[in-house]
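*Asks:* give the three-dimensional model of this entry:
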Amino acid sequence: MQSSSPPIPVSSSPAHSRQPALAALTLGAIGVVYGDIGTSPLYAFREALAQTGTDGISRPEILGVLSLALWALIVVVTLKYVLFLSRMDNNGEGGVLSLMALAQRATDGRWPIVLLLGATGAAMFYGDAIITPALSVLSAVEGLRTIPGFGGMSEPVILGLSLGILAALFAFQAKGTAGIASLFGPVCLVWFGALAALGLWHIILAPDVLAAFNPLHAITFVTTNGLTGLFVLGAVFLTVTGAEALIADMGHFGRQPIQLGWLTLVWPALSLNYLGQGAMSLQALATAQASGESLANADWFFLMAPDALRAPLVILATLATVIASQAVITGAYSLTHQAIALGLLPRLTIRQTSAHQIGQIYMPAVNWLLFAGVVALVFGFRSSSAMAAAYGIAVTGTMVVTTCLAFVIAWKYWGWNRVWAGAVIAPFLALDLFFFGANMLRVTEGGWVPLVVAAIMGMVILTWLKGRKAAVARTAEHGAAMEEIAQALAQRPPARIEGTAVFLTQNLDIAPAALLHNLKHNKALHRLSILLKVETVTRPWVDPADRLAIDRIDDNFVRVRLHYGYLDRIDVPSDLARSQGLLDRSGGTSFFVGRSAIRFATKPVLPRWMTVIYMTLHRNAADPTAWFAIPPNRVVELGSQIEL
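*Replies:* Coordinates of the predicted model:
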């Protein structure tokens, strides 16, 4: 899961204030980073036991599943993410696209495989983003059935309550979460405290469950249960879903608070709770065997609580799942914003929901597409157990991509020997592929959902990349060289008008169509014409003093490059104004934007279906003037046509 949250201000005062700042950041990380993995106990152990067979649950199966869960937390989360991958930050930022950008920088953008891996990871994330809210909220609401007197609650009521909560959550996004984000940490702190307390209580009642720490139980279970063992392994992976948020949110909280939150609270609380669920199932097994019956699977998490505390636990679980869903929704905004900046997706409308926190954004198109996907999942699967099979593939796919990018970074960016880097990465990659393969066995049970979502997003990304490349090439093919235009105008100057004209372009060597149209129809040239190209670099941030690069063609024309990081807020007028004397303030500044319409060419450069998709994406892209923060009253739009 890729999540996003407003950064908590870090004090720059002396050392005595660092501890409160670290405590605040750690609390914030607990509320945002660990929401997804923190709600896994609601369904992970139950679903893993459900895969052990229909002939009743045995003691070796309970200890085997529990051992797999405990060691998945140790190896995948603690060793791989907390201790290793958290060190692979792109100027403090993490996440699959940040890793892609770092790998691109390390390879000078010459390896197409890096772009392919990043696009695949981003596409996989969207499958995760629609499953997380649906599965987590539905599993919490299903806990109502464990409350005495509510056992007969019908499926339509459960679905209705779940959809009501989800609808309210998505509708609330437009207002922003800055006002309530401060509650996420305290609520999750209570949640993890409850997980630990419930687990510890049952461990005391059945301390023999601690034998699950012996990895032989996990190894024996997988090696002796054949195909069933692989199905269980796929379900066990539900215990670590959300681990990728550890690196995705490093830019908001920093490595130390995230590591501290995991090692001191989240990991112990999760381990204690899974052990508690295992202890309760062992007790239930002993009771069933004493009466000569087989043990049936149950909703172990909610049954751990006494009857009197069951209702408060359901409420607390619902709050925790809402927070986990909020994290993945804002994570979808953050990832989409990065993908747009890195050129993987067309521009979409972005609304700032906080005047003080740049990380607080709202993207209407992303929000309502996610909601539509969530509603379809809830109605399509109708229970958290049916939906669980769809969850693992998206997450394991993203983890495989992340591990592959980690190898490139260790080799090319850190400068490790290729063999040494491979030796370190290979065990993690083998484990990821093992989990991915185990989850692929459940494609027909629902695992096809994230694959379809990823395939659709992958097609959109591929079409946008190829379409943009073809459009730029076609423009260059039919365009006029800027040097030649400048020389011709210097020899036969047209009428001049005061002020500065800024022409936004993607190719500084070709005369922008808007410039040629302006000369053709208005027969006039501004005192200074600036050809401006806005470029996104592979770093998250670029210092404002280093953004502007100027290349003067002659007295009439200037080429300007504006460099932004993929997380920078773009403000073209303000950054152009940093160059003293570049803008003619006496005559004002006008921004000329070319509005190109895509048409079918006689000899197409793209398959027709791809051209149709690209035309749709291009036509519905957000207004570039808003993206570049250009005041609308200073914009002149001139149309042109590009044949693909």
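*Asks:* phi, psi for residue 639 please.
*Replies:* Note on residue 639: backbone dihedrals following degrees, to the nearest 10 are phi -90, psi 160.
*Asks:* which strands or helices does the longest strand along the chain pack on?
*Replies:* In the chain, taking DSSP state E as the definition, the longest strand is strand 524-536. Contacts defined by 3 or more Cβ pairs under 8 Å, 6 or more residues apart in numbering; DSSP states H and E place strand 524-536 against strand 495-504, helix 513-522, strand 557-564, helix 572-576. From N, CA and C alone the C-beta is placed, and that goes for glycine too.
*Asks:* what pairs with that strand, parallel or antiparallel?
*Replies:* When pairing is defined by DSSP bridges, strand 524-536 lines up against strand 495-504 (parallel), strand 557-564 (parallel).
*Asks:* right, and the helices and strands packed on strand 524-536 - which one's nearest residue 242?
*Replies:* When these are compared by Cβ to Cβ, strand 557-564 sits nearest residue 242, at 30.2 Å.
*Asks:* so for that closest one, mean pLDDT?
*Replies:* Here strand 557-564 scores 91 as its mean pLDDT.
*Asks:* tell me how the chain divides into domains.
*Replies:* The chain is divided into the following domains under automatic domain parsing: 19-446, 472-643.
*Asks:* so which of the ones you listed is the most surrounded?
*Replies:* Of all the domains of the chain, domain 19-446 has the most neighbours on average by mean count of other Cβ atoms under 10 Å, namely a mean of 20.
*Asks:* so residue 305 touches residue 311, yeah?
*Replies:* No - using Cβ atoms under 8 Å as the test, residue 305 is too far from residue 311 to be in contact (9.2 Å).
*Asks:* which residues are contacting the helix or strand residue 202 falls within?
*Replies:* Per DSSP states H and E: residue 202 is located in helix 181-205. For helix 181-205, the external contacting residues (Cβ atoms under 8 Å, 6 or more residues apart in numbering) are 5-6, 27-32, 34-35, 38, 41, 209-210, 265-266, 268-277, 279-280, 283, 304-305, 313, 316-317, 319-320, 323, 326.
*Asks:* do the same with stretch 617-624
*Replies:* Outside stretch 617-624, the residues within contact range by Cβ under 8 Å, 6+ apart are 346-350, 460, 463-464, 467, 471, 504, 593, 596, 598.
*Asks:* residue 539 is in what secondary structure piece?
*Replies:* Counting by DSSP H and E, residue 539 is found in no helix or strand.
*Asks:* how far away is it from residue 258?
*Replies:* 21 Å (Cβ to Cβ, to the nearest Å).
*Asks:* and for residue 317?
*Replies:* Residue 317 sits 23 Å away from residue 258, going by Cβ to Cβ.
*Asks:* what do you get for residue 294?
*Replies:* 43 Å.
*Asks:* same check on residue 467?
*Replies:* For residue 467, the distance to residue 258 (Cβ to Cβ) stands at 38 Å.
*Asks:* residue 611 too?
*Replies:* Distance, residue 611 to residue 258, using Cβ to Cβ: 44 Å.
*Asks:* again, but for residue 316
*Replies:* Where residue 258 is concerned, residue 316 sits at a distance of 23 Å (Cβ to Cβ).
*Asks:* cool, residue 468 as well?
*Replies:* Applying Cβ to Cβ to residue 468 and residue 258 gives a distance of 35 Å.
*Asks:* sorry, back to before: can I get the domains of the chain in JSON lines with distance to residue 454?
*Replies:* Output for these, formatted as JSON lines (distance: least, Cβ to Cβ, whole Å):
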{"stretch": "domain 19-446", "distance to residue 454": "4"}
{"stretch": "domain 472-643", "distance to residue 454": "16"}
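*Asks:* hey, least reliable of the ones you listed by pLDDT?
*Replies:* Among the domains of the chain, domain 472-643 carries the lowest mean pLDDT, a mean of 85.
*Asks:* how far does it stretch from start to finish?
*Replies:* End-to-end span of domain 472-643 (Cα to Cα, to the nearest Å): 11 Å.
*Asks:* show me how far that domain is from its chain's centre.
*Replies:* 31 Å (Cα atoms, centre = their mean, to the nearest Å).
*Asks:* list the contacts of residue 588.
*Replies:* Per Cβ under 8 Å, 6+ apart, neighbours of residue 588: 498, 499, 500, 634.
*Asks:* follow-up on the earlier one: nearest to residue 45, of the helices and strands packed on strand 524-536?
*Replies:* For residue 45, the closest of the helices and strands packed on strand 524-536 is strand 557-564, at 45.7 Å, according to Cβ to Cβ.
*Asks:* need the residues that contact that closest one.
*Replies:* With contacts defined as Cβ under 8 Å, 6+ apart, strand 557-564 is touched by 341, 482, 486, 508, 528-537, 542, 546-553, 570, 572, 575-576, 582.
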